[in-house]
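Engineer: Here you go, sequence then predicted model.
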Amino acid sequence: MLSTQENAIIIEDLKKSFKNLEVLKGVDLTVRRGNILALLGPNGAGKTTIIRILSTLLHPDNGNVFVNGFDIKTQPQEVRRSIGLTGQFADVDEYLTGLENLLMMGKLYHLSRSVITRRTEELLKKFDLTEAARRPVKTYSGGMRRKLDLAASLIAYPPIVFLDEPTSSLDPRSRLNVWETIKKLLNDGVTVLLTTQHLEEADFLADTIAVINDGRIIAEDTPGRLKSRVGKERLELVIKRQDDFERAVTVITGNDLSHNSAEKTVSLAIENGVNEIQGVLNQLAESGIEVDTLTLRKPTLDDVFMHFTGLKPDEGRNEAA
C-alpha cells in the first residue's frame, strides 16, 4: 500500500463501465501532496470519469481509491470534506454579488459566521476580486467568474482541489490570469488534480503529467522528462533557393533526416548542440547553399500527446467520458 502521508490521491486498478462500454480498464495513479498533476487524454479516455469517482459522484466497479487518506467507498463523507471541485462551467449565481456567492457557500458548508467572514475576505483578496465583490456576477468577465468559482470551491479550506477543464471557453488573457491564480494554491499547500484540453496549460501548471488513453495510464512523468522521452531537439532549415534544395538534402548528414520540397525545408535531430549546428551550416556553405531561416525546436507537449496516443491534440477535446 502506498503512503497516504506522502500522497494525497492514490488510485489502484480503478475500473468503471457504463453498460457494455468499458471506460476505465485498470487505472493506477498517485498525486503527491502539494503538487499539481495534469491528466491529458483524447475524447472518451476517462478523464472526467476519474474526477467524478474521486469526488464520490460515481461508484467504481473495481479498485482502491484513497483521497486525503480516506477510502471513497467506506468514507465518502470524509472525502467530500477534504475536496473542492470546479467543473467545466462556472457554478455561481449570476444574480448575486461575488461576496454573496461566497457567503452562501460558507453557509452551505456549515461554517461559523466568523470563519465565513474571514475566509471570504481572504479569498476575494487572493483572487483579486475585492473591488468587484459587491457587483452582481452577471457583470463579471469569464475569467472573473472562473476565479470566483475557484474561490467558492476553497471556502472550507479543502486540502485537495479537482479542476475539470478549469479554463474552457476563456480567451488567452483570462486563461493566463486563471493559471496564475491556480499557481497561488501551491503556496497554501493545496494538492491539485486537473484535466485540461490545453497542452500549454498542463506545461505551465503541472509538476507531473499523466497521459490516459483507452482507459489506461500510458505515460506519467514531469513535463520535461516526457518531452525528452519523445525525441531530441530538431534543427529546421529553410533553403533559400529551390534549385539548391535537392543538393542540400544530399549534402547534409545527420540523424532522422526529413525534408519537404514544397516548403524547401530540411529537418534533422540534434544531439551535440551548437557544434553540430555549426557543422551542418559549414557543410552547406562549402557547397554554396544559402539558408533562408534556421530554427532549433525542442519537443513540445503536442509531440508528447501525439507520440503516446497517436492522435493530434485537437482530437482530444471536449471529452464526455
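Structural biologist: The structure has been received and is ready for your questions. On a predicted model such as this, the values are computed, not experimentally measured, just so you know.
Engineer: Which stretches in the chain count as strands?
Structural biologist: With DSSP state E, the ranges of strands along the chain come out as 7-18, 21-32, 36-40, 62-67, 70-71, 83-86, 160-164, 191-195, 208-213, 216-221, 233-239, 255-260, 265-270, 291-297.
Engineer: CSV for the ones you listed, including mean neighbour count, mean pLDDT and distance to Asp171?
Structural biologist: The C-beta positions use only the backbone N, C-alpha and C, and glycine is treated the same way. Compiled in CSV, these are given as follows (neighbours: other Cβ atoms under 10 Å; pLDDT from 0 to 100; distance: least, Cβ to Cβ, whole Å):
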stretch, mean neighbour count, mean pLDDT, distance to Asp171
strand 7-18, 19, 96, 31
strand 21-32, 18, 96, 29
strand 36-40, 26, 94, 21
strand 62-67, 20, 97, 33
strand 70-71, 18, 97, 38
strand 83-86, 22, 91, 18
strand 160-164, 23, 93, 18
strand 191-195, 25, 94, 19
strand 208-213, 24, 93, 24
strand 216-221, 17, 93, 30
strand 233-239, 19, 89, 30
strand 255-260, 12, 80, 33
strand 265-270, 19, 86, 32
strand 291-297, 12, 90, 27
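Engineer: Same list (those) but as JSON lines, adding distance to His307.
Structural biologist: Output for these, formatted as JSON lines (distance: least, Cβ to Cβ, whole Å):
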{"stretch": "strand 7-18", "distance to His307": "24"}
{"stretch": "strand 21-32", "distance to His307": "20"}
{"stretch": "strand 36-40", "distance to His307": "12"}
{"stretch": "strand 62-67", "distance to His307": "27"}
{"stretch": "strand 70-71", "distance to His307": "35"}
{"stretch": "strand 83-86", "distance to His307": "30"}
{"stretch": "strand 160-164", "distance to His307": "25"}
{"stretch": "strand 191-195", "distance to His307": "20"}
{"stretch": "strand 208-213", "distance to His307": "9"}
{"stretch": "strand 216-221", "distance to His307": "8"}
{"stretch": "strand 233-239", "distance to His307": "14"}
{"stretch": "strand 255-260", "distance to His307": "14"}
{"stretch": "strand 265-270", "distance to His307": "14"}
{"stretch": "strand 291-297", "distance to His307": "15"}
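Engineer: The residue nearest the centre of the chain and Glu165: what is the separation?
Structural biologist: Centroid check for the chain by Cα atoms, centre = their mean gives Ala202 as the closest residue, at 3.0 Å. Going from Ala202 to Glu165 by Cβ to Cβ, to the nearest Å gives 12 Å.
Engineer: Identify the contacts common to the two.
Structural biologist: Thr196 (Cβ atoms under 8 Å, 6 or more residues apart in numbering).
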